[in-house]
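this one's structure only:
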């Protein structure tokens, strides 16, 4: 982890008072991490470290913006990051994570937080991340509309489950009718 040596916090030098560390996580940081979720961003990480009876309490405060692909149009979009987390660290024989405590080797006397910072950022990304309404790439949304078909049942006017677009590019799922092959199973309790 020599490429992340600037993210080392030497714990054995911290006595009773809290110490503050600041890290600017820019696009160079994200490229060094070399993970597919985030490649571009600007996040300020403030880390407070305080020794408490044999353990060290690290408090993380992350604020900034990352660039991630939109789930709908695949263009990059800005996602704000505002996250606070705590991490307890203590010394031991070898590096490990037990419950909510990280154990670092006594011989090292330090913890590298580069990967923890990245994990906290990725955990802050919502499951569904799309542009604000009306900001998606119009050409891509047009192609998406073209390739999604609406299914109609010839016997009646109810819609089958299909993706629909409203005028503002929102995709909704309508489920007015089920697959007829499954309809037989609805009566299974009545036949027994």
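Received, thanks. This structure is a prediction, so every number in the text was calculated from the model and none was measured. Numbers count the residues shown, from 1 in each chain.

where do the helices sit along the protein?
Taking DSSP state H as the test, the helices found in the chain are 27-33, 114-123, 138-147, 180-183, 188-191.

what's the most buried one of these?
Mean neighbour counts were taken over the helices of the chain using mean count of other Cβ atoms under 10 Å, and the top value, a mean of 18, falls to helix 114-123. In this view, the C-beta of every residue, glycine as well, is placed from N, C-alpha and C.

By mean pLDDT, flag the weakest helix or strand of the chain.
Evaluated with mean pLDDT, DSSP states H and E, the helix-and-strand set of the chain has its lowest mean pLDDT in strand 162-165, which scores a mean of 49.

tell me the mean pLDDT for stretch 82-90?
Taken as a whole, stretch 82-90 has a mean pLDDT of 93.

Any buried residues in that stretch, and which?
Taking 16 or more other Cβ atoms under 10 Å as the basis for neighbour counts, the residues of stretch 82-90 that come out buried are 83, 85, 87, 89.

From the residues you listed, pick the one nearest residue 139.
Within these, the smallest distance to residue 139 is 33.8 Å, found for residue 83 (Cβ to Cβ).

With residue 56 as the reference, measure out to that closest one.
Shown here: residue 83 relative to residue 56, a distance of 20 Å by Cβ to Cβ, to the nearest Å.

now do residue 33
Between residue 33 and residue 56 the distance is 24 Å, computed by Cβ to Cβ.

Just the pLDDT for residue 191.
According to the per-residue confidence, residue 191 scores 57 in pLDDT.

How about residue 137?
For residue 137, the model assigns a pLDDT of 85.

which ones are touching it?
Taking Cβ atoms under 8 Å, 6 or more residues apart in numbering as the criterion, residue 137 is in contact with 70, 73-75.

can I get those in JSON lines with neighbour count and distance to residue 18?
As requested, these are exported to JSON lines (neighbours: other Cβ atoms under 10 Å; distance: Cβ to Cβ, whole Å):
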{"residue": "70", "neighbour count": "17", "distance to residue 18": "40"}
{"residue": "73", "neighbour count": "21", "distance to residue 18": "45"}
{"residue": "74", "neighbour count": "12", "distance to residue 18": "44"}
{"residue": "75", "neighbour count": "13", "distance to residue 18": "42"}
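
show me where pLDDT drops low in the chain?
Within the chain, the ranges that satisfy pLDDT under 70 run 1, 149-178, 189-192.

let's go with 90 and repeat that
Low-confidence segments of the chain, defined by pLDDT under 90, span residues 1-5, 10-18, 33-39, 52-55, 71-75, 91-101, 104-109, 124, 126, 128-192.

List the neighbouring strands of the longest strand seen in the chain plus their orientation.
When the chain is parsed with DSSP state E, its longest strand is strand 76-92. For strand 76-92, the paired strands and their directions (DSSP bridges) are strand 55-69 (antiparallel), strand 101-105 (parallel).

Can you say which of those is nearest to residue 133?
Comparison of the strands paired with strand 76-92 against residue 133 by Cβ to Cβ identifies strand 55-69 as nearest, at 17.7 Å.
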